[in-house]
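J.: below are the sequence and a predicted model; questions follow.
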Amino acid sequence: MEFKTDIPDSQRALFLMAKETLELRTTAVPQPQAGEVLLKIGSVGVCGSDKHFYFDGRCGSEMITEPMIMGHEFGGVIVAVGKGISPHRVGQRVSVDPLVPCGRCRHCVQGNYNICPTQKFFGVPGTFGAMQQYLCVPSGNAHAIGEAISDGAAAMVETISVALAGAEKGRIGLGSRVLVTGGGPVGLFAVQVAKTLGATEVVLAEPQEGRRKIAHEMGAETLSDLADNDRQYDVLLECTGVQSVRHDACLSVLSGGRAIMIGVGEQVGGFPCRR
């Protein structure tokens, strides 16, 4: 194992013991195994899923059954590497892809590793996340970042990648007319990505004034209520996860358009596909 000399033996880690119950514990600093790197965590984002785990004790089908460490949006610096990893990686600042696929199943071989049935995901029950000082991750999940990206921004790379994936599935390009529903972090990134990809019309539907103001600063139009919309769009990027919003937003999609469901929340119900 290659390492820096200032790695302590112990660290502090924030455990979610049960719903609305946090406990700060002292744990051993892990050692990277073959193919892994050890990160000193520099920043961690708080996702909506973390909020669900804290307040509800679950997020979708994932439930807290034993103490867990949240945090899947994170970055840091590599301070040690395991067998088979170049020692030149020590000292690199990185942002981390939190999904660890098997790499062998049909989905992984086809490049769809995000739906690997045996995937592990940092920060959900069964796999400790980054709300601790040090964490080992597969080397391939730790992506080097440039000096222009701050520690705080490193934790947001995973978030913007969600918006980018949605925009790519929606085939947003020059001249696209795009409706984004929900102005949280993913929704605001979706606005920014759509503008960057050349959309000529980007509208954010969001009830909170502060979020609408940010979207305005990005060059988007805004609606406080979908009921006020009287236009049709090529692409919908739905970022709320609320079934009533999904349904109403789909009414604003042109025939032959694309409706991309990004937000995770309520169970997906019917869509007005034959209006």
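T.: In hand now; what should we look at? Numbering: from 1, shown residues only.
J.: contact partners for the closest residue to Gly60 other than its chain neighbours?
T.: Beyond its immediate neighbours in the sequence, the residue positioned closest to Gly60 (Cβ to Cβ, 6 or more residues apart in numbering) is Val264, lying 6.5 Å away. From N, CA and C alone the C-beta is placed, and that goes for glycine too. The contact partners of Val264, taken as Cβ atoms under 8 Å, 6 or more residues apart in numbering, are Ser49, Gly60, Gly241.
J.: same check on Ala194?
T.: By Cβ under 8 Å, 6+ apart, the contact list for Ala194 reads Ala167, Ile172, Ser176, Val178, Val180, Val202, Val235, Leu237.
J.: circling back: quick one: the residue nearest to Gly60 and His52, what's the gap?
T.: To His52, Val264 is 9 Å away according to Cβ to Cβ, to the nearest Å.
J.: please enumerate the shared neighbours of these two.
T.: Shared between the contact lists of Val264 and His52 (criterion: Cβ under 8 Å, 6+ apart) are residues Gly60.
J.: quick one: the strands in the stretch 51-200 of the chain?
T.: Here the stretch 51-200 of the chain has its strands, by DSSP state E, counting those that start in this stretch, at 58-59, 62-63, 73-81, 93-96, 99-100, 120-121, 134-138, 142-144, 177-181.
J.: how about the ones you listed in JSON lines, adding distance to Val109?
T.: Rendered in JSON lines, the data for the strands of the stretch 51-200 of the chain read as follows (distance: least, Cβ to Cβ, whole Å):
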{"stretch": "strand 58-59", "distance to Val109": "29"}
{"stretch": "strand 62-63", "distance to Val109": "26"}
{"stretch": "strand 73-81", "distance to Val109": "27"}
{"stretch": "strand 93-96", "distance to Val109": "23"}
{"stretch": "strand 99-100", "distance to Val109": "16"}
{"stretch": "strand 120-121", "distance to Val109": "18"}
{"stretch": "strand 134-138", "distance to Val109": "18"}
{"stretch": "strand 142-144", "distance to Val109": "22"}
{"stretch": "strand 177-181", "distance to Val109": "33"}
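J.: and those: which comes nearest Lys19?
T.: Closest to Lys19 of the strands of the stretch 51-200 of the chain is strand 58-59 (Cβ to Cβ; 8.4 Å).
J.: what sits up against the closest one?
T.: Among residues not part of strand 58-59, those counted as contacts by Cβ under 8 Å, 6+ apart are Ser49, His52, Phe53, Ile64, Val124.
J.: average model confidence for that strand?
T.: Strand 58-59 shows a mean pLDDT of 90.
J.: buried set for stretch 258-266?
T.: Of all the residues in stretch 258-266, those buried under the rule 16 or more other Cβ atoms under 10 Å are Arg258, Ala259, Ile260, Met261, Ile262, Gly263, Gly265.
J.: quick check: mean pLDDT of that stretch?
T.: Mean pLDDT, taken over the full extent of stretch 258-266, equals 85.
J.: now that stretch, how far from the centre of its chain.
T.: Taking Cα atoms, centre = their mean, to the nearest Å, one finds stretch 258-266 lying 14 Å from the centre of the chain it belongs to.
J.: next: stretch 123-130.
T.: 14 Å.
J.: ok, now stretch 257-265?
T.: Counting by Cα atoms, centre = their mean, stretch 257-265 comes out at 15 Å from the chain centroid.
J.: what is the three-state secondary structure of the residue nearest to Gly60?
T.: Taken by DSSP: H, G, I helix; E, B strand; the rest coil, the conformation at Val264 corresponds to coil.
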